[in-house]
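Asks: Next come a sequence and a model predicted from it.
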Amino acid sequence: MSGNTTKSGNDSDEQLQVLAAAAGIATSWTDAAGQGHSVAPDTLRALLAVLDLPADSPAQIRESLARATALPPPRPDAAAGPRCFGLADALAWPAGQPPRAWGVTAQLYGLRRSGDLGCGDTTALAGLARSLGEAGACCLGVSPVHALFGADPHRWSPYAPSSRLFLNELIIDPDDIAGGAETARALEAAGLAARARAAAAAPLVDWPEVAAIKRAVIDHLIGAHGARLAADPGYRAFRAARGRALDDHAVFEVLDARFRARGLTGGWPSWPHDFRDPRGSSVSNVAISDAEAVEAARLRQWLAFRGLAGAQQAATRAGMGVGLIADLAIGVDGSGAQSWSERTGILNGASIGAPPDLFNPLGQNWGLAAPSPRVMLETGCAGFRQMLDATLSAAGGIRIDHVLGLMRLWLIPDGASPAEGAYLRYPLAEMLDVVADVSQHRRAVVIGEDLGTVPDGFRAVLAARGLMGTRVLWFERDAAQDFRAPEAWEDGITATTTTHDLPTTAGWWRGLDIAWRDRLSLFGPGETAALAQEARCTDRTRLWTAFTRAGTATGPEPAPDRPGPVIDAALDFLGRSRAPLVLAPLEDLVGLDDQPNLPGTIHEHPNWRRRMPAPLPGLMATPAVGRRVGRVKMGRVKGQPGVAEDMTCAPARPT
């Protein structure tokens with residue numbers, strides 16, 4: 001299959017192009033260097049088959065074209081429609097004055113607290129939210145906590161979930177079920193106490209070990225207290241609200257555990273044929289015969305939700321105007337629970353990814369299944385609405401990962417290379433209508449992760465609908481590659497030093513990201529570690545110059561092994577920007593060197609495993625963290641017109 005062939009001149013190929021366009025598949029694309037490419041006919045046929053529009057013969061093309069054109073097309077005017085609930089609304093900010101608020105982002109699994117079992121949980125999250133709320137933060141952004149594969153703890157990436165409708169059960173604090181004393185007794189009785197202490201002390205999350213410990217304890221406590229939990233009015237309301245989707249998820253978990261134990265490790269596509277249909281009689285029989293296990297799976301979901309909702313309550317009680325900002329991953333694993341239960345709404349036979357670009361010359365395949373745009377139009381985006389509402393049921397905001405996916409996704413047919421994909425159009429206007437509607441209903445702010453190559457006009461469409469974009473310090477440059485001054489940053493965005501996929505400020509200053517790429521041979525053609533380090537040396541000077549000009553730093557440029565002053569200056573620098581919301585990564589507040597995730601790696605780098613160096617609340621009470629929180633707040637006040645500079649410790653929100 002070749003991704004760069006040109007269109008044939010015969011009628012069949014012309015009709016294939018017409019069908020692809022009618023189905024929303026772009027027949028050409030432009031790369032990051034501005035070079036145009038045509039999509040190969042084989043790619044078009046493969047993706048049309050994924051959309052259930054076969055095109056292997058002229059007759060099939062004619063029949064599929066009739067079906068593709070029967071559905072009304074998406075609305076073209078994406079900027080027209082309702083707006084999202086805004087940050088100014090959430091903070092009750094004075095009319096006519098742009099908000100100048102701040103918050104923190106954190107990886108939930110990396111939080112530590114006394115008595116945890118090897119990974120962060122909702123009790124630790126609530127403690128962090130309280131500390132930040134008391135310091136004046138308006139929000140706490142959290143890494144995705146979508147449901148993973150309970151029976152396969154080796155699949156721990158938060159961005160490759162089994163379902164975006166439900167939660168990762170490992171965020172549960174077992175103490176929430178029956179108290180800490182009973183958790184301790186359960187650990188001792190199971191012979192897991194020593195293993196739990198070792199897991200809690202480790203610098204990295206050992207996901208298989210943590211899963212074995214926590215699941216054993218949680219299931220033991222559910223077995224002892226299941227009747228009481230099932231009778232709880234909160235559980236009954238949760239079960240009624242989530243309905244069939246909850247039942248499906250619980251049954252999937254039971255079946256997945258059963259079949260993995262028999263060696264069928266490929267998720268539902270590897271199951272016996274009569275179990276692949278969630279409405280089939282074989283599945284219904286399991287729901288009856290394994291009712292106790294299914295009920296335990298439902299209870300685990302409720303316990304996870306209850307803990308997350310408790311953290312949101314802790315945040316708002318501590319004074320946060322927004323509270324938790326949940327993270328919505330771009331897709332789901334095609335072998336997981338949501339793909340199984342929504343067979344018509346999830347596309348099978350292709351994966352979401354990205355075309356080749358300057359940073360990834362081979363392109364990217366994320367291994368995620370995409371939603372069906374046709375089903376979205378047919379159902380009024382009902383599944384998308386359900387997912388947004390579920391995500392916001394225990395949060396005050398949402399970050400939509402790769403928000404470009406509301407307009408188009410790069411789909412790669414199974415067996416093809418990332419370069420042999422094509423863009424599939426999605427009903428942007430209709431999806432934004434749903435985003436705005438759910439946002440208003442839940443009174444939740446919306447952030448779109450709009451980094452990378454963005455089509456002209458797309459960011460304006462998001463802004464018109466009230467979605468805040470994302471800007472990262474490393475990328476905010478002018479035409480000469482100098483770092484933009486704070487006052488040159490845009491309105492209507494969130495500003496941050498870095499993201500989970502990029503180096504921390506300390507790591508960037510030290511050049512550790514370059515060292516990792518060199519160690520793992522991740523440089524593209526023409527790139528070397530020496531050239532990258534030379535460029536970084538120049539960029540260090542550019543960054544420090546920007547800081548001194550902005551008044552957030554003084555004196556000579558620190559050495560590469562002295563990132564502390566750089567972190568302080570960077571947080572103050574962002575605070576002085578025009579962005580209504582500054583999000584400080586917890587890794588930068590603490591001064592960590594290592595980033596949570598290194599794209600292009602799986603096990604070569606400890607992705608999604610790094611833990612904080614100390615437990616809460618002591619971590620937040622350290623002088624360095626307190627100083628950096630103060631620098632963010634100082635910047636917010638100095639960046640707000642008409643506010644006296646001696647109010648440098650005032651909260652960045654109305655009181």
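Replies: Ah, there it is.
Asks: Which stretches in the stretch 501-650 of the chain count as helices?
Replies: 505-510, 512-519, 529-550, 564-575, 586-590, 623-638 (DSSP state H, counting those that start in this stretch).
Asks: Switch those over to CSV; also include mean pLDDT and mean neighbour count.
Replies: In short, each C-beta sits where N, CA and C put it, glycine included. Rendered in CSV, the data for the helices of the stretch 501-650 of the chain read as follows (pLDDT from 0 to 100; neighbours: other CB atoms under 10 Å):
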stretch, mean pLDDT, mean neighbour count
helix 505-510, 98, 24
helix 512-519, 95, 17
helix 529-550, 97, 16
helix 564-575, 97, 25
helix 586-590, 98, 24
helix 623-638, 93, 20
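Asks: separation between residue 221 and residue 176?
Replies: 9 Å (CB to CB, to the nearest Å).
Asks: If you count neighbours, what's buried in stretch 475-485?
Replies: 476, 483, 484 (16 or more other CB atoms under 10 Å).
Asks: Looking at the residues you listed, which is nearest residue 595?
Replies: residue 476 (18.6 Å; CB to CB).
Asks: if you skip the residues just before and after it, what's nearest to that closest one?
Replies: Spatial nearest neighbour of residue 476, excluding adjacent residues (CB to CB, 6 or more residues apart in numbering): residue 484 at 4.6 Å.
Asks: State the distance from that neighbour to residue 576.
Replies: Taking CB to CB, one finds residue 484 at 12 Å from residue 576.
Asks: shouldn't residue 310 be in contact with residue 122?
Replies: Yes. Counting by CB atoms under 8 Å, residue 122 is a contact partner of residue 310 at 6.3 Å.
Asks: Identify the contacts common to these two.
Replies: residue 176 (CB atoms under 8 Å, 6 or more residues apart in numbering).
Asks: more crowded one of the two?
Replies: When residue 310 is set against residue 122 and neighbours are counted by other CB atoms under 10 Å, the residue ahead is residue 122, at 27 against 18.
Asks: So which elements touch the longest helix along the chain?
Replies: The residue-count maximum for a helix in the chain (DSSP state H) belongs to helix 233-261. Contacts defined by 3 or more CB pairs under 8 Å, 6 or more residues apart in numbering; DSSP states H and E place helix 233-261 against strand 163-167, helix 281-289, helix 291-317, helix 337-341.
Asks: Could you rerun that using 10 Å?
Replies: On a contact count with 3 or more CB pairs under 10 Å, 6 or more residues apart in numbering; DSSP states H and E, helix 233-261 meets strand 146-147, strand 163-167, helix 207-231, helix 281-289, helix 291-317, helix 337-341, helix 382-391.
Asks: Out of the helices of the stretch 501-650 of the chain, the one nearest residue 383 is which?
Replies: Closest to residue 383 of the helices of the stretch 501-650 of the chain is helix 586-590 (CB to CB; 32.7 Å).
Asks: helices or strands next to that closest one in the packing?
Replies: strand 101-106, helix 122-135, helix 505-510, helix 564-575, helix 623-638.
Asks: Put together a markdown table for the buried residues of stretch 475-485, with secondary structure and distance to residue 595 on each row.
Replies: Shown next, in a markdown table, are those (DSSP: H, G, I helix; E, B strand; the rest coil; distance: CB to CB, whole Å):
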| residue | secondary structure | distance to residue 595 |
| --- | --- | --- |
| 476 | coil | 19 |
| 483 | strand | 20 |
| 484 | coil | 23 |
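Asks: what's residue 421 in contact with, if anything?
Replies: The contact partners of residue 421, taken as CB atoms under 10 Å, 6 or more residues apart in numbering, are 3, 29, 39, 43, 46-47, 350-356, 363-365, 409-413.
Asks: Can you tell me the closest non-neighbouring residue to it?
Replies: Nearest one to residue 421, counting by CB to CB, 6+ apart, is residue 412 at 3.9 Å.
Asks: Quick check: phi and psi on the one you found?
Replies: phi -120, psi 120 (degrees, to the nearest 10).
Asks: Measure how buried it is and give me the count.
Replies: Neighbourhood size, residue 412 [other CB under 10 Å]: 28.
Asks: Same question for residue 344.
Replies: Residue 344: 12 neighbours (other CB under 10 Å).
Asks: now do residue 30
Replies: 13.
Asks: And the closest residue to it other than its chain neighbours, its phi and psi?
Replies: Excluding the flanking residues, the one nearest residue 30 by CB to CB, 6+ apart is residue 36, at 5.3 Å. Here is the backbone geometry of residue 36 (degrees, to the nearest 10): phi -90, psi 150.
Asks: same question, residue 469
Replies: phi -80, psi -180.
Asks: can you tell me which residues contact residue 81?
Replies: Residue 81 is in contact with 75, 429, 430, 432, 433, 434, 435, 436, 437, 461, 464, 465, counting by CB under 10 Å, 6+ apart.
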